[in-house]
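**Student:** What would the 3D arrangement of this be:
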Amino acid sequence: MTVKRPIHIGGVIQNAVVFNLKHWTHPMRVDSLPQSVERLFSLLHERKIEYVLVGGIALLNYIEGRNTEDIDLIMGLDDLMRLPEIQIEQSDLDFARAHFEGLQVDILLTRNSLFAEIRRHYSTVQTFLERKIPVATVEGLLLLKLYALPSLYRQGKFTAVGIYENDVATLLFYHRHDTSALLKILSRHLSDTDVNALRDILQEIQQRHERLRKGVSEEPGAM
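**Tutor:** All right, here's what the predicted structure looks like:
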């Protein structure tokens, strides 16, 4: 039996920054990023902040190969205001983009009812190299990715669309879930038009999965 090693969040972010070509012409200081990550989560713990880790780091608990340079957290605005060390650069009703000691931190605010629901009902504690951290479950991550897709399509952000759809497809391939149940939850937060569009996307993903599994089963020597 293979024992999964705890993820080193600071190391993941450091490597992502180092190997991002756009930083090669404007180098960033990366040596201190792991320490900044440790201090961030220590601060959240010391202030007794209620939060959930989401985004690329959370995905690494369930699928391999995801790369990310930032920390994504679901948090209430009141809790965020208790963290003046996190410097907010821009914000709107649902999101805030901030920095902490050179580390990018994206906040999903619980003023959004779906984000609040995920923090309450779709989180679990996972062990990282830094410490034990509350992380979104597979269902929670799927809900977040699917929720974002209609807006990304409307904005024409097709690079992000491709990343998000691939995340959804990979999560569903390795962690099968009832997509109708996910759509039922999302129907409380999105329009009927958006939910129907997501239903089509999920059907396409399911067809791709079926083709892939059929291809694997037909390989010589396949069980």
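**Student:** buried set for the worst-scoring helix or strand of the chain on mean pLDDT?
**Tutor:** Least confident helix or strand, the chain: helix 9-18 with a mean of 86, by mean pLDDT, DSSP states H and E. Neighbour counts using 16 or more other CB atoms under 10 Å place 9-10, 12-14, 16-17 of helix 9-18 among the buried residues. In short, each C-beta sits where N, CA and C put it, glycine included.
**Student:** Show me what the following helix or strand past it is packed against.
**Tutor:** Counting by DSSP states H and E, the next helix or strand C-terminal to helix 9-18 is helix 33-46. Taking 3 or more CB pairs under 8 Å, 6 or more residues apart in numbering; DSSP states H and E as contact, the helices and strands that helix 33-46 lies on are helix 9-18, strand 95-100, strand 103-109.
**Student:** what's the longest helix in the protein?
**Tutor:** The helix that spans the most residues within the chain, counting by DSSP state H, is helix 192-217.
**Student:** buried stuff in it?
**Tutor:** Counting neighbours by 16+ other CB under 10 Å, one finds that the buried residues in helix 192-217 are 194-195, 198, 201-202, 205.
**Student:** rewinding a little: can you say which of the helices and strands packed on helix 33-46 is nearest to residue 166?
**Tutor:** Smallest distance to residue 166 across the helices and strands packed on helix 33-46 (CB to CB): 16.8 Å, for helix 9-18.
**Student:** quick one: the residue nearest the centre of the chain and residue 135, what's the gap?
**Tutor:** For the chain, the residue lying nearest the average C-alpha position, counting by CA atoms, centre = their mean, turns out to be residue 55 (1.7 Å). Remark: distance between residue 55 and residue 135 (CB to CB, to the nearest Å) = 10 Å.
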